[in-house]
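In: here's a sequence, model it:
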Amino acid sequence: MEVTGRVVVLTGAAHGIGAAMARRFAAEGAAGVVVSDLDLEAAEQVVAGITASGGAAIARHADASSKEDLKMLVTEARTEFGPVDLFCSNAGAAFGTGVHAADEQWTRSWAINVMQHVHAAQVALPAMLSRGNGYLLITASGAGLLGTPGDAPYSVTKHAAVGLAEWLAITYRPRGVRVSALCPLGVRTALLEPGIAAGHPAALAIAAAAPLLEPEEVAESVVHGLASEEFLILPHESVRETYARKAAGLDEWIDRTILETGARKR
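Out: Numbering: from 1, shown residues only. Modelled structure (predicted):
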């Protein structure tokens, strides 16, 4: 998919990767970009920058875990710009906790990192299927392929997000709807940098796995990945080789990860 002339909806787009994608899609000539986030003020700032450069965009407050909010975004996009061509479910949540995380943290991680993508598919697919074309971009994580020592809810839910994306691709690609899972490792965002500064094992493990990328570099990878319609969009190319090595010898992979991260009881 070329983004030029397309209508795009993004969640979690006021900061980080989402904001970078919104700006890049507009620069590529998107017909309209819906920038949604819980932080409406920051989303409006992203939109102001886009419109100042001649792009078309609107900002909307939305909770990415709410099916009704996501349905509203599709309606708003259609009213302002036309049918949604690309829905990017991008919001994410991380708490840096182990298996004994509070029930509320497990519930919120599941709601944002998994059910958001389920709801996005539910609200976007009907119109896409009726037209016989469309695109779902699920922001998962390299953690959804390689794991994240030190953060059980994040690792588990990101694996689930990749699994959902795969199911959607198998089910709907024959009907004209493409699906990609965006799986970066470390990116300089407010989700990761505080953890690195605090010395959290999960954040340090991600930072040590590959060089940290800027959000704009991830957006660049997304544009190229959409153009070639790759299922796995991997801004860190090293993830591809590492993922293959993991699949070739899982026990060896687990043992190596324990040694490299100094995994502790959590």
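In: where along the stretch 51-200 of the chain do the strands fall?
Out: 57-61, 86-89, 134-139, 177-182 (DSSP state E, counting those that start in this stretch).
In: go through the ones you listed and pick out the most buried.
Out: Highest mean neighbour count among the strands of the stretch 51-200 of the chain (mean count of other Cβ atoms under 10 Å): strand 86-89, with a mean of 28. Heads up, the C-betas are built off the backbone N, CA and C, glycines and all.
In: what pLDDT does the nearest residue to residue 101 once chain neighbours are set aside get?
Out: Distances taken as Cβ to Cβ, 6 or more residues apart in numbering place residue 153 nearest to residue 101, at 5.3 Å, with adjacent residues excluded. Here, the pLDDT recorded for residue 153 equals 94.
In: contacts only, for residue 153.
Out: By Cβ atoms under 8 Å, 6 or more residues apart in numbering, residue 153 lies in contact with 94, 95, 97, 101, 105, 106, 109, 110, 113.
In: count the neighbours of the second one for me.
Out: In other words, residue 95. 17 (other Cβ atoms under 10 Å).
In: surely it touches residue 154?
Out: Yes: using Cβ atoms under 8 Å, residue 95 makes contact with residue 154 at a distance of 7.3 Å.
In: who touches both of the two?
Out: Joint contacts of residue 95 and residue 154 (Cβ under 8 Å, 6+ apart) are residue 109.
In: about what we covered before: so which of the strands of the stretch 51-200 of the chain comes closest to residue 125?
Out: Proximity to residue 125, assessed across the strands of the stretch 51-200 of the chain by Cβ to Cβ, is greatest for strand 177-182 (6.7 Å).
In: helices or strands up against the closest one?
Out: For strand 177-182, the packing partners by 3 or more Cβ pairs under 8 Å, 6 or more residues apart in numbering; DSSP states H and E come out as helix 116-131, strand 134-139, helix 152-172, helix 215-228, strand 232-233.
In: between the ones you listed, which one is nearest to residue 4?
Out: Nearest to residue 4 among the helices and strands packed on strand 177-182 is helix 215-228; the distance by Cβ to Cβ comes to 10.3 Å.
In: ok so, going back, how close does the residue nearest to residue 101 sit to residue 120?
Out: 20 Å (Cβ to Cβ, to the nearest Å).
In: same deal with residue 87?
Out: Distance, residue 87 to residue 120, by Cβ to Cβ: 5 Å.
In: overlap of the contact sets of these two?
Out: Going by Cβ under 8 Å, 6+ apart, residues that sit against residue 87 and also against residue 120 are residue 136.
In: average pLDDT for the strand or helix carrying residue 23?
Out: According to DSSP states H and E, residue 23 maps onto helix 16-27. Regarding helix 16-27, the rounded mean pLDDT is 97.
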